[in-house]
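> sequence plus the predicted model coming up.
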Amino acid sequence: MRITRAGPFRIFSGGVFQWNSQVLAETRVFSMSPVNLRNIGVIAHIDAGKTTTTERILYYTGKIHRMGEVDQGSAQMDWMLQEQERGITITSAATTCQWKDCIINIIDTPGHVDFTAEVERSLRVLDGAVVVFCAVAGVQPQSEKVWRQADRYGVPKIVFVNKMDRLGANPEKVLKEIREVLKGDPLPLQLPVGDGADFEGVVDLPGMEFLRWCGPNGDAMEKNPVPEVVADAARKERDRLVEKLSEWDDGILSHFLEGREITRDMIIGSIREGTIRGRIVPVLFGSALKNKGVQPLLDAVNRYLPSPLDLPPVTGSWKGESRTRALVETEAFCGLVFKIMAFAGRPTLFYVRVYSGICRLGGKILNGRTGDTERVMKILRMHANRREEIREMKAGDIVALVGLKKARTGDTISDPADPVNLEEPVFPKPVIFVSIEPRSAGEEEKLMGVLEVLAQEDPTFVAKRDEETGQIILSGMGELHLEVLTQRIFDEFKVQGRVGRPQVSYRETVTRKVKRTEHFLREIAGKENEATVTLQVEPSPGTGDVRFTDALEEGALPADARRWIRSAALEAAGSGAKAGYPVIDILVNLLDVRYHPEKSTEIALKAAASSALNQCLREAGPVLLEPIMAVEVETPEEFTGEVMGSLTLMRGAIGGVKKEGALERITASIPLKEMFGYTTRLRSLTQGRGAFTMELFRYLPVVEP
């Protein structure tokens with residue numbers, strides 16, 4: 001039997017199934033029941049073939065009429081200029097297509113670790129995932145990361161082992177690594193026939209048919225009897241499949257024990273149940289680049305991944321009261337803003353996963369975080385960066401809204417008459433920093449506006465001004481992440497500036513006790529100003545700031561005078577005597593004031609106090625302090641030694657090592673100066689599988705070289 005791609009509908013004609021490349025009218029295609037809806041993500045390590053696989057999916061479903069290629073910058077889903085230049089996916093892109101009787105909402109996610117937040121927020125709202133592995137490389141570092149992310153959100157998965165046409169393809173190795181590295185339970189549904197350049201096709205084990213692809217675009221898929229050369233191996237693999245399913249499926253077990261026939265439909269139903277419950281991970285094989293294996297992958301999405309109706313209700317709360325929403329259109333409306341996309345000169349898009357109910361154009365929605373009520377002004381169905389306006393959004397939909405005023409990633413929008421707040425996605429904190437400087441004062445206001453827009457779009461990007469150094473500091477997930485963002489600032493938003501390294505914000509303290517008296521006498525505007533102030537400064541380790549005490553007797557000084565002296569002393573401590581950095585960990589004691597009711601003005605008292613403190617700081621053995629960061633590094637066990645060695649070379653003090661599953665968590669305290677560029681170094685040491693977080697721990701004296 002042969003399957004080809006042609007004609008407007010599926011037609012049975014001489015044993016040939018046919019599909020037209022013309023897409024059915026959207027109003028007809030997207031009006032099916034939620035039971036026939038699939039919300040899936042395509043996830044994998046960089047260069048495993050996610051976007052190429054997605055391109056083939058769109059082609060065979062008739063969504064596009066020409067397959068683009070990632071290497072040529074023509075892939076439909078990689079629409080950003082930065083993606084086309086680098087040949088990688090940077091931002092998750094959404095689209096909708098139809099395969100047979102199912103609508104499939106697809107999000108193609110990045111594979112680079114710097115953009116892991118894109119995967120995080122996509123998996124938060126998806127019902128299922130297609131995990132793509134390279135048949136040669138197997139389980140790669142980011143494969144491990146996205147697998148764990150999917151597990152954390154309880155997302156059912158199917159595996160597509162891609163690049164079976166490559167020299168060195170080893171499907172058995174991939175299955176072994178899924179078991180050992182990912183702790184998954186892979187269940188092959190196909191037997192590959194040939195590998196490398198000899199990869200011919202696959203045997204479909206539930207139906208015991210040999211699938212072979214023909215034609216330049218793989219449009220023709222032949223269904224033939226299983227070849228004799230692999231017949232025995234196919235029967236053994238099918239028996240293993242049935243044996244695995246019988247572990248939890250009583251129906252299959254009873255048929256197996258009684259020797260009755262186990263039909264294809266029984267197997268498919270059991271696989272679906274096992275996949276949705278997370279018991280197994282179905283595995284399929286193919287080569288997306290050579291157009292082999294994509295149609296069975298689409299069938300597997302339809303058959304085995306859940307519809308919204310297969311999932312439990314979502315749980316939220318409102319004013320401390322727990323609330324649930326079943327994923328059906330009859331419930332009150334609610335949805336989650338999971339992604340924001342900003343454009344230069346165009347309205348911002350707010351991507352929403354609708355969990356329950358229906359909201360039509362012009363309807364009112366409540367933002368549960370802000371309490372603001374807004375009207376839905378425009379609803380869009382997205383195909384990468386192309387838009388189609390629709391009139392309503394309903395349970396299961398993934399759409400984009402335009403015109404929300406204060407929404408941010410993680411906000412819940414719901415029916416004002418029955419509001420709810422859903423759980424927000426959690427994003428990793430930035431770990432790498434650079435400074436950015438506008439070319440001119442006139443560009444600064446424009447730059448700050450652009451940074452605000454980008455920070456709203458990307459929850460792992462933080463922009464702030466360091467009040468001590470005057471720098472604008474950009475924080476992100478990695479060097480590539482910040483490189484892409486700064487390129488967008490300069491090229492897309494047309495801001496002129498340059499990027500540099502940030503300065504470390506040091507502190508100062510003192511090492512001994514010193515007492516000084518300063519006298520101020522000056523005539524200002526014909527009036528004499530005079531005051532004498534005695535201050536004592538001493539170390540006060542661990543306070544983290546400046547403590548001010550007053551040894552004067554009650555009533556010896558007016559309250560305003562005391563306040564002026566304290567204010568001047570604290571202000572003077574903002575700039576130390578050694579290098580001009582703020583002073584911390586000191587105690588300032590006001591010992592004496594020679595006060596003249598007429599002459600001791602605010603100017604005189606502040607000047608005398610400031611001068612006294614500065615003299616104390618200069619003579620009290622000032623030292624420079626550097627920020628020490630509390631660092632936690634997660635690394636696979638085999639790299640623990642190398643990682644600990646690198647931390648020691650960075651003047652790090654190792655606090656401990658704790659095993660957590662397949663990973664080890666190393667705690668250490670390290671000077672901030674040494675942490676610049678560590679993201680790249682750690683990835684090099686751990687083959688990209690390590691990650692770290694850090695936060696300020698304390699300040700310690702700088703060790704002179």
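Perfect, thanks for sending it. Numbers count the residues shown, from 1 in each chain.
> just the pLDDT at the nearest residue to residue 202 once chain neighbours are set aside, thanks.
Excluding the flanking residues, the one nearest residue 202 by C-beta to C-beta, 6 or more residues apart in numbering is residue 190, at 4.0 Å. (Each C-beta comes from the backbone N, C-alpha and C, glycine too.) With respect to pLDDT, residue 190 scores 96.
> pretty sure residue 190 contacts residue 207?
No - using C-beta atoms under 8 Å, residue 190 is not in contact with residue 207, being 10.3 Å away.
> and the two? Which one has more around it.
With neighbours defined as other C-beta atoms under 10 Å, residue 190 and residue 207 compare such that residue 190 has more, 24 against 16.
> so what pairs up with the more buried one in the strands?
residue 204 (DSSP bridges).
> quick one: it from residue 232, how far?
16 Å (C-beta to C-beta, to the nearest Å).
> and the residue nearest to the spatial centre of the chain, how far from residue 91?
Closest to where the C-alpha atoms of the chain average out (C-alpha atoms, centre = their mean) is residue 117, at 0.6 Å. Using C-beta to C-beta, one gets 10 Å for the distance from residue 117 to residue 91.
> same question, residue 163
Taking C-beta to C-beta, one finds residue 163 at 24 Å from residue 91.
> those two - which one has more neighbours?
residue 163 (26 against 22).
> quick check, that one in contact with residue 289.
Yes - using C-beta under 8 Å, residue 163 is in contact with residue 289, at 7.3 Å.
> what residues are shared contacts of these two?
residue 49 (C-beta atoms under 8 Å, 6 or more residues apart in numbering).
> list the residues that contact residue 540.
If you count contacts by C-beta under 8 Å, 6+ apart, residue 540 has them with 547, 585, 586, 587.
> please pull out the lowest mean pLDDT helix or strand from the chain.
Sorting the helices and strands of the chain by mean pLDDT, DSSP states H and E puts strand 16-18 at the bottom, at a mean of 32.
> can you tell me the element residue 499 falls in?
Assessed by DSSP states H and E, residue 499 sits inside strand 497-500.
> oh, I was asking about residue 640
Assigned by DSSP H and E, residue 640 belongs to helix 640-649.
> just checking, what packs against that helix?
Judged by 3 or more C-beta pairs under 8 Å, 6 or more residues apart in numbering; DSSP states H and E, helix 640-649 is in contact with strand 623-636, strand 653-660, strand 663-671, helix 678-685.
> can I get these in TSV including mean neighbour count?
Formatted as TSV, these follow (neighbours: other C-beta atoms under 10 Å):
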stretch	mean neighbour count
strand 623-636	19
strand 653-660	12
strand 663-671	19
helix 678-685	18
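> residue 371: which of these is closest?
strand 623-636 (36.1 Å; C-beta to C-beta).
> sheet-wise, list the partners of that closest one with their directions.
strand 507-509 (antiparallel), strand 663-671 (antiparallel), strand 691-701 (antiparallel).
> can you redo the contacts of residue 540 as a markdown table with secondary structure and neighbour count?
Below are the contacts of residue 540 laid out as a markdown table (DSSP: H, G, I helix; E, B strand; the rest coil; neighbours: other C-beta atoms under 10 Å):
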| residue | secondary structure | neighbour count |
| --- | --- | --- |
| 547 | strand | 14 |
| 585 | coil | 20 |
| 586 | strand | 24 |
| 587 | strand | 16 |
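> which residues does the helix holding residue 640 contact?
Contacting residues not belonging to helix 640-649 are listed as 631, 633, 635, 654, 657, 664, 666, 668, 670, 681-682, 685-686, 690 [C-beta under 8 Å, 6+ apart].
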